[in-house]
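Peer 1: Sequence and predicted model, in that order:
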Amino acid sequence: MIHTGITGKYTFKAPFDNINMNTLYISTSRVPIQEMDTNGLNPLVTIYSPVGLENSYNADFMENVYIIGLQKVGGTEIFYVPEKYITGIPVNDGVKYVEKLLAFNIGLVPEDTDFTNIVATITDIITGMLGINVDVKIINNSGITIIPKIDHEENLILRNNYLANNRPYSDLYFEALDMLEEKNRVIATINTGVKMAFSKK
């Protein structure tokens, strides 16, 4: 039996097997077909006829099969499938996954600002901490704003002064990684020496 609120990949048998089975769906409803008909949703017209199941409708109606509402995760449209045509449902004891975005609003910067090194550094940090590959995209979040040249030059001075007097976090992060690797190498060397010492006894 399919419960509402189950999210994951569903599989279907013909004639619903043309539904994308690699897409994540959430079950939004489980309603007896007779109840749908009573509420004026006309499952014969909206569900059965479009896929050529007119001849199965009467039997399913008498059996009062359940109709499952499915919605694509992140979407709004809901489509309906008789429960008997759903052959596979997401495992209930699985781990919930969700696609996440990290957004950094850096405010107004010159239009030709080069983000190459920033993107590389951010990618290395996230990959190093989470162990996953990330896709970094640069998106303009506003229209063009004209900044007076004198203000632009003052901004450059302020930013350059900051960079000259503050170590970037990325430097500290990679320095810490190097120290950790060196520590692990020392521990491994000590452990090897201890093992060799005991093996000679």
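Peer 2: Cool, the structure landed.
Peer 1: host element of Thr123?
Peer 2: Using DSSP states H and E, Thr123 falls within helix 116-130.
Peer 1: For that helix, list the C-alpha coordinates in CSV.
Peer 2: This file holds the C-alpha atoms of helix 116-130, laid out as CSV (Å, rounded to 0.1, in the frame of the first residue of the first chain):
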residue,chain,number,x,y,z
THR,A,116,38.4,32.3,-11.7
ASN,A,117,40.5,31.8,-8.6
ILE,A,118,37.6,32.3,-6.3
VAL,A,119,35.6,29.6,-8.1
ALA,A,120,38.6,27.2,-7.9
THR,A,121,39.1,27.9,-4.2
ILE,A,122,35.5,27.5,-3.3
THR,A,123,35.3,24.3,-5.3
ASP,A,124,38.4,22.9,-3.6
ILE,A,125,37.1,23.8,-0.1
ILE,A,126,33.6,22.3,-0.6
THR,A,127,35.0,19.2,-2.2
GLY,A,128,37.6,18.8,0.5
MET,A,129,35.0,19.1,3.3
LEU,A,130,32.1,17.2,1.8
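Peer 1: for the helix or strand following that helix, packing partners?
Peer 2: Next in sequence after helix 116-130, counting helices and strands by DSSP H and E, comes helix 149-165. Here helix 149-165 touches no other helix or strand, going by 3 or more Cβ pairs under 8 Å, 6 or more residues apart in numbering; DSSP states H and E. The C-beta positions use only the backbone N, C-alpha and C, and glycine is treated the same way.
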